[in-house]
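J.: Need a 3D model of the sequence below.
(one chain, ligands or ions: 2)
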Amino acid sequence: MTAEKSCDPSVNEMLQIAKKKGISTVWDRYRAQLPQCGFGESGLCCRNCVMGPCRIDPFGDGPDKGICGATADTIVARNLNRYIAAGAASHSGHAKHLAHVLKKVSAGKAADYSVRDEAKLVAVARRLGFETGGLTVSEVAGRVADAALAEFSEREEPLAWVESTLTGGRLAKFKELGVMPSGIDAAISEILQRTTMGVDADPVNNLLGGIKGSLADYAGCHLGTDLSDILFGTPMPVFSEANMGVLKEKFVNIALHGHNPVVSEMILAAAKEDAVLDQAKEAGAEGINLVGICCTGNELLMRHGVQALTHSVSQEMPILTGALDAIIVDYQCVYPSLTTVAQCYGTKVVTTMGIAKIPGAVHVEIDEENALVKAREIIALAIERFKARKDAPTFIPDVKSSVVAGFSTEAIVGALAKLNAQNPLKPLIDSIIDGNIQGVVLFAGCNNVKVPQDSNYLAMVKELAKRDVLMLATGCGAGALARHGFLTPEATEEYAGPGLKAVLTAIGMANGLGKPLPPVLHIGSCVDNSRAVDIAVALANTLGVDIKELPVAASAPEYMHEKAIAIGTWAISLGIPTHLGVVPPVVGSSLVTSVLTQGAEDILGGYFIVETDPVKAAEALFAVIQKRRGGLNLATRAW
Ligand code: SF4
Ligand code: MSK
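T.: Ligands and ions are numbered 1, 2, ... in the order given. You can find the predicted model right below:
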């Protein structure tokens with residue numbers, strides 16, 4: 001019964017408890033929604049004015065236009081744009097938050113934070129064209145923060161975080177199409193305007209607006225990565241563990257959930273303080289056990305090796321162990337249902353951001369000036385709950401996997417430099433040229449309740465690994481692969497083809513690992529998809545080609561969030577063919593569907609591949625890689 005819900009044995013264990021106790025989970029609520037509205041699923045429902053809602057009959061038996069005359073193509077394109085705008089607002093809101101923190105750090109107004117990676121600060125400043133000689137760290141931080149904040153509103157010049165991070169070929173293409181955003185908030189607001197009743201009725205023009213919005217999202221993602229690295233350190237390889245077996249019965253277990261490391265870094269700092277630890281011990285605990293959920297978890301795993309508890313669709317499950325004392329959330333991807341499940345157990349759900357409150361949660365607002373004090377206050381709430389539950393039984397699944405994570409761009413280049421210090425990318429490029437590595441696929445995105453959890457990731461990775469495709473992963477996709485043991489040297493031994501295994505072994509040995517690198521490199525959270533772009537741009541520039549010629553592809557096999565739609569759109573705009581394992585809500589328009597899945601290739605080089613069968617999807621991505629290899633006059637292989 002449960003295998004159709006999740007491939008994760010610990011999730012299935014918890015589902016049995018939920019069933020016994022009559023606790024409703026995301027899967028129950030999904031079932032209650034069935035059948036879902038076909039108009040919504042195909043993108044044909046418009047609610048953009050109060051003459052509506054209007055819906056178009058996809059079979060031609062009912063209305064073929066909305067009340068204002070909007071066609072199916074217009075409505076579908078507008079709806080897609082609004083997803084992109086929301087995704088861009090989320091990623092860039094996260095980035096803007098970090099920019100404000102950096103600004104306050106530079107002004108000495110955020111004592112709990114600091115610049116932890118001065119080298120990254122200087123690298124970003126130089127990339128932006130700033131002279132840094134003779135300036136203090138605070139002064140450079142102030143300039144970078146100002147440049148970051150200036151990205152948001154309308155400006156004369158294109159976005160610095162787009163211009164300074166992509167290939168010349170991409171920039172020329174975006175200028176030619178008129179899709180270079182001139183401000184992140186400006187692009188988001190432009191989408192909201194153009195999609196209101198009576199503005200942009202041209203579906204193709206709308207799609208161009210969507211591409212512009214997605215590039216604003218890209219800028220937000222890249223900013224998010226850069227500023228997090230500057231403030232909290234650039235990740236380097238770390239060893240850790242993932243899945244619910246990381247909970248410890250006799251510890252105060254605290255899960256950190258959401259996206260932005262601004263809160264979780266402070267909880268981590270507070271949890272290490274002697275006075276806080278003493279408080280936990282006085283309550284009878286052996287210590288404090290911090291674990292991560294979703295991308296906040298990824299940020300902590302990447303930088304500190306904090307164990308990953310679970311991801312996305314299974315976020316309610318750890319509460320059912322009875323051992324989770326608190327879930328502290330910042331924003332994005334946090335189910336409001338957490339408080340309902342938590343009420344059955346006494347687990348504290350603590351919200352920390354003014355824009356992200358949940359009924360039933362305790363709200364402790366954290367800002368840059370009070371962060372550590374508030375972090376201690378929140379941990380005290382978790383300790384209080386531990387005291388109340390410490391003699392009660394817990395049901396922690398004995399399921400966890402080893403993980404190697406922390407593969408920032410800098411870490412990957414550093415690892416390659418052990419093979420060739422003068423030209424670190426050369427070993428990777430040589431491996432692609434000689435075919436030991438056929439190409440690179442990025443796995444990104446979430447779990448979606450419509451897909452048995454993790455099933456698409458697992459099937460695709462197995463297929464691609466044995467065909468010598470190197471993989472990168474972010475977000476809950478990386479989490480899925482972490483929980484199933486795919487981010488380990490052992491997975492390379494088990495699943496990688498001979499060429500990939502040889503390359504990963506050579507890199508692993510040169511770095512003193514004594515074993516290969518994992519077949520999938522965890523490059524971070526959702527915003528860290530920007531790290532994959534940095535690698536692609538470095539490869540393209542070294543080879544003297546554009547991204548659209550590289551043997552690279554991306555996949556969001558179980559995506560669900562508007563942010564994933566924004567990322568997918570910028571990925572195809574950057575020339576990266578991108579697989580979607582869940583049918584996007586655009587099929588109500590044959591025009592929009594064909595532009596996204598076919599026409600985009602001619603215009604952008606990238607396009608969407610929609611395929612719900614994971615093996616067929618892997619085959620399609622392998623075909624993309626082979627086509628691109630052929631274009632570069634490299635030897636090709638059959639599936
Ligand atoms: Fe209907 Fe047009 Fe209003 Fe949309 S904008 S709800 S199609 S009248
Ligand atoms: S957290 S956007 S469920 S990947 Fe980045 Fe996971 Fe998707 Fe949220």
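J.: tell me which parts of this structure are close to ligand 1?
T.: Contacts of the chain with ligand 1, taken as CB under 6 Å from any ligand atom, map to 46-49, 51-54, 66-68, 70, 75, 197. Heads up, the C-betas are built off the backbone N, CA and C, glycines and all.
J.: try it again with 8 Å
T.: Within reach of ligand 1 by CB under 8 Å from any ligand atom, the chain has these residues: 46-54, 65-70, 74-75, 196-198.
J.: tell me the centre residue of this structure?
T.: C526 (1.6 Å; CA atoms, centre = their mean).
J.: if I pick the closest residue to that residue other than its chain neighbours, what's in contact with it?
T.: Closest residue in space to C526, ignoring its immediate chain neighbours: G475 at 4.3 Å, by CB to CB, 6 or more residues apart in numbering. Residues in contact with G475, defined by CB atoms under 8 Å, 6 or more residues apart in numbering, are C294, C295, N298, A444, G445, C446, S525, C526, N529.
J.: From E299, how far out is G475?
T.: 11 Å (CB to CB, to the nearest Å).
J.: Now list whatever residues contact both of these two.
T.: Common contact partners of G475 and E299 (CB under 8 Å, 6+ apart): S525.
J.: about what we covered before: near ligand 2, from the contacts of G475?
T.: Applying CB under 8 Å from any ligand atom to these, those adjacent to ligand 2 are C294, C295, N298, A444, G445, C446, S525, C526.
J.: Neighbour-wise, give me the winner out of those residues.
T.: Among the ones next to ligand 2 among the contacts of G475, C295 has the most neighbours (other CB atoms under 10 Å), with 34 neighbours.
J.: Can you verify it is assigned to a strand?
T.: No: using DSSP: H, G, I helix; E, B strand; the rest coil, the secondary structure at C295 is helix, not a strand.
J.: got the contact list for it?
T.: By CB under 8 Å, 6+ apart, C295 lies in contact with G258, H259, Q332, C333, G475, C476, S525, C526, V527.
J.: The same query, at a cut-off of 6 Å, please.
T.: Contact analysis of C295 by CB atoms under 6 Å, 6 or more residues apart in numbering lists H259, G475, S525, C526.
J.: swap in A491?
T.: A491 touches P518, P519, counting by CB under 6 Å, 6+ apart.
J.: centre of the chain versus the helix or strand harbouring it, how much separation?
T.: Here A491 is covered by helix 489-495, with elements defined by DSSP states H and E. Relative to its chain's centre, helix 489-495 lies at 24 Å (CA atoms, centre = their mean, to the nearest Å).
J.: buried ones in whatever helix or strand comes next after that helix?
T.: Counting by DSSP H and E, the element after helix 489-495 in chain order, helix or strand, is helix 498-510. By 16 or more other CB atoms under 10 Å, the buried positions in helix 498-510 come out as G499, L500, K501, A502, V503, L504, T505, A506, I507, G508.
J.: Can you check the pLDDT for the nearest residue to the third one once chain neighbours are set aside?
T.: By the measure of CB to CB, 6+ apart, the closest residue to K501 outside its immediate chain neighbours is T492, 5.7 Å from it. The pLDDT attached to T492 in the predicted structure is 98.
J.: Tell me the confidence at Q332?
T.: Note on Q332: pLDDT of 98.
J.: in the chain, which ranges drop under the pLDDT threshold?
T.: 1-3 (pLDDT under 70).
J.: ok, of the residues of the chain next to ligand 1, which come out buried?
T.: With burial judged by 16+ other CB under 10 Å, the buried subset of the residues of the chain next to ligand 1 is C46, N48, G52, C54, G66, A70, T74, I75, M197.
J.: Identify the farthest-apart pair in those residues.
T.: G52 and T74 (12.8 Å; CB to CB).
J.: what sits against the residue nearest to I625 when sequence neighbours are not counted?
T.: Distances taken as CB to CB, 6+ apart place G439 nearest to I625, at 3.4 Å, with adjacent residues excluded. Going by CB under 6 Å, 6+ apart, G439 touches V469, P551, V552, I625.
J.: what's around the last one, how many residues?
T.: Neighbouring residues of I625 were enumerated by other CB under 10 Å; the total is 27.
J.: any idea which element it lies in?
T.: Assigned by DSSP H and E, I625 falls in helix 614-631.
J.: buried ones in that helix?
T.: Neighbour-count burial for helix 614-631 [16+ other CB under 10 Å]: 614, 617-626, 628-629.
J.: Next one: V199 from ligand 2, what distance?
T.: Distance, V199 to ligand 2, using CB to the nearest ligand atom, to the nearest Å: 29 Å.
J.: for G133, same thing?
T.: Relative to ligand 2, G133 is positioned 38 Å away (CB to the nearest ligand atom).
J.: Next: G245.
T.: Using CB to the nearest ligand atom, one gets 21 Å for the distance from G245 to ligand 2.
J.: Now do the contacts for that residue.
T.: P397, D398, V399, K400.
J.: rerun at 10 Å
T.: Residues near G245 by CB atoms under 10 Å, 6 or more residues apart in numbering: S10, Q307, L309, T321, I396, P397, D398, V399, K400, S401, R483.
J.: Alright, I will stop here.
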